[in-house]
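[1] just a sequence and a predicted model for now, questions to come.
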Amino acid sequence: MRDIRHMPMLCLAFGLTCPAPLLAAGGGGGGYVSDAPIPWHMTVDDEGRNVIELIPNAVTRLGLEMAEVSEWMPPEPPAEELVVSSVEELQPVAASEDPTEIVKVPVQPQLTVPYGSLIYWADGTTWVYGENEIERHYVRLPVRVDRIEDQTVYLKSGPPVGTVIVSVGAAELFGAETGTGH
């Protein structure tokens with residue numbers, strides 16, 4: 001397979017017309033329109049958390065997409081019948097209790113977020129970026145992951161249901177916060 005990165009230079013060298021996609025692919029720029037840094041500003045909120053503020057064009061340029069923390073209700077497990085082999089097994093049941101009663105444990109809802117929102121810190125902790133009460137202001141929020149299935153992350157704990165979080169572009173905000181972006 002030919003490396004098309006050098007095609008624009010060959011076109012110029014031989015005076016040929018070069019298609020625009022080849023010119024865009026030409027310096028190996030990764031498809032970015034500009035190598036200029038994303039304009040952002042970082043402050044610290046009252047709780048001591050870093051707050052990343054982006055200008056409106058940066059939100060578009062980064063392709064940020066938002067979602068909300070959701071709640072998933074697991075299906076209720078089927079009631080299991082009490083099976084005993086003898087009357088003696090029922091002796092521990094108090095006389096006032098109905099030995100045929102089936103006790104159901106309530107099913108608890110679970111928080112969920114899109115997989116694309118999840119960020120792993122160097123120490124192994126997991127986070128999402130939430131919109132910090134003001135549009136285009138983002139703050140890193142801790143989450144505890146229970147499990148990941150397909151593109152859904154099921155949480156043991158995290159921000160409340162309805163919290164607006166970044167579902168696409170969280171890695172770019174992580175880069176801005178930690179200084180690893182360009």
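    Arrived safely, thanks for sending.
[2] where do the helices sit along the protein?
    Taking DSSP state H, the helices of the chain run over residues 7-14, 20-25, 56-62, 170-178.
[3] by mean pLDDT, show me the worst of those helices.
    Mean pLDDT is lowest for helix 20-25 out of those, coming in at a mean of 38.
[4] specify the beta-bridge partners of residue 72.
    residue 110 (DSSP bridges).
[5] is it true that it touches residue 154?
    Yes. Assessed by CB atoms under 8 Å, residue 72 is found in contact with residue 154 at 6.8 Å. Using the backbone N, CA and C atoms, a C-beta is placed for each residue, glycine as well.
[6] these two: which is more packed in?
    Per other CB atoms under 10 Å, whichever of residue 72 and residue 154 has more neighbours is residue 154, with 15 against 11.
[7] for the nearest residue to residue 73 once chain neighbours are set aside, give me the pLDDT.
    In this structure, residue 73 finds its nearest non-sequential neighbour in residue 109, 4.9 Å apart by CB to CB, 6 or more residues apart in numbering. Predicted confidence (pLDDT) for residue 109: 88.
[8] residue 109 contacts residue 75, correct?
    No. Using CB under 8 Å, residue 109 makes no contact with residue 75, being 11.9 Å away.
[9] of the two, which one has the most company?
    residue 109 (11 against 6).
[10] now do the contacts for that one.
    71-74 (CB atoms under 8 Å, 6 or more residues apart in numbering).
[11] so who does residue 132 touch?
    The contact partners of residue 132, taken as CB under 8 Å, 6+ apart, are 45, 51, 138-139.
[12] quick one: which of these is nearest residue 176?
    residue 138 (8.8 Å; CB to CB).
[13] mind listing the strands for this structure?
    In the chain, the strands defined using DSSP state E lie at 40-44, 50-54, 65-68, 70-72, 110-114, 119-120, 126-131, 137-149, 152-157, 164-168.
[14] export those strands to CSV and tack on distance to residue 174?
    CSV is the format used below for the strands of the chain (distance: least, CB to CB, whole Å):
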stretch, distance to residue 174
strand 40-44, 12
strand 50-54, 9
strand 65-68, 15
strand 70-72, 22
strand 110-114, 15
strand 119-120, 5
strand 126-131, 8
strand 137-149, 8
strand 152-157, 16
strand 164-168, 10
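[15] for residue 177, which of those is the nearest?
    strand 50-54 (5.4 Å).
[16] any residues touching that closest one, and which ones?
    With CB under 8 Å, 6+ apart, strand 50-54 has contacts from 38-45, 62, 64, 129, 132, 136-140, 173, 176-177.
[17] any of these buried? List them.
    Taking 16 or more other CB atoms under 10 Å as the criterion, what is buried in the contacts of strand 50-54 is 38, 40, 62, 64, 129, 132, 137-140, 173, 176-177.
[18] tabulate these (TSV), appending distance to residue 122.
    Formatted as TSV, the buried ones among the contacts of strand 50-54 follow (distance: CB to CB, whole Å):
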residue	distance to residue 122
38	22
40	21
62	22
64	23
129	17
132	23
137	24
138	19
139	19
140	13
173	16
176	16
177	13
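[19] great, nothing more from me.
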